[in-house]
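Trainee: Pasted the sequence and its predicted model underneath.
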Amino acid sequence: MKPTKMAIDKSGTWWRGEEFADVAQYLRDLTEEGYPVEIVLQSTCGCRETKFLLDADQTEGCARRTCPQCEAEAFVGDSEEYWEESEPERSTCRCGAELFELGIGFSLRNDGEICWLTIGQRCVACGLLGSFVDWKVDYAPTDHLYEKT
């Protein structure tokens with residue numbers, strides 16, 4: 001018999017999850033009254049690692065992830081275009097940990113182009129779910145952004 005999957009734990013002040021699917025559901029719940037996330041892609045490094053350090057600037061709307069395994073850095077979405085003007089901060093969980101599973105949520109316009117990116121994260125140490133940064137995308141075409149997760 002397969003073990004039953006636990007749902008997101010919403011019983012405390014902060015929501016907690018156990019796996020990447022919880023990040024995706026968290027993003028959908030978080031954005032349902034604004035720009036609803038329709039597509040969520042998991043960040044994965046070329047070395048196959050799925051846990052990252054995250055540096056981001058909410059004001060400029062940009063983020064860069066760093067792989068703890070191979071130390072590769074990668075910009076999320078169109079972040080590289082705004083990075084030079086940014087003042088990024090390291091995302092840190094309330095428990096003090098800095099490693100997260102990351103999900104990139106894409107909100108779409110009626111024509112299918114991306115209008116908003118929201119980064120969701122799950123702390124690897126304690127399971128806390130959150131979103132450190134999101135930003136508007138106001139140009140087209142946007143399909144290239146799916147490759148930059």
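Mentor: Nice, thanks for sending it over.

Trainee: Can you tell me which residue sits nearest the middle of the protein?
Mentor: By CA atoms, centre = their mean, the mean C-alpha position of the chain lies nearest to residue 119, the distance being 2.4 Å.

Trainee: Confirm it sits in a helix?
Mentor: No - assigned with DSSP: H, G, I helix; E, B strand; the rest coil, residue 119 falls outside any helix and is strand.

Trainee: per-residue pLDDT, it?
Mentor: Note on residue 119: pLDDT of 98.

Trainee: again, but for residue 88
Mentor: For residue 88, the predicted pLDDT is 97.

Trainee: from the middle of its chain, how far away would the lengthiest helix in the chain be?
Mentor: In the chain, taking DSSP state H as the definition, the longest helix is helix 20-31. Distance of helix 20-31 from the chain centroid (CA atoms, centre = their mean, to the nearest Å) equals 10 Å.

Trainee: Residues contacting the following helix or strand past it, please?
Mentor: Moving toward the C-terminus from helix 20-31, the next helix or strand (DSSP states H and E) is strand 37-42. With contact meaning CB atoms under 8 Å, 6 or more residues apart in numbering, strand 37-42 is reached by 20, 23-24, 27-28, 30-31, 50, 101-108, 118, 120, 146, 149. Bear in mind the C-beta positions are built from the backbone N, C-alpha and C, glycine included.

Trainee: Stretch 56-69 too?
Mentor: Contacts of stretch 56-69 (CB under 8 Å, 6+ apart): 43, 45, 47, 49, 51-55, 72-83, 85-89, 91, 99, 102, 117, 119, 132-136.
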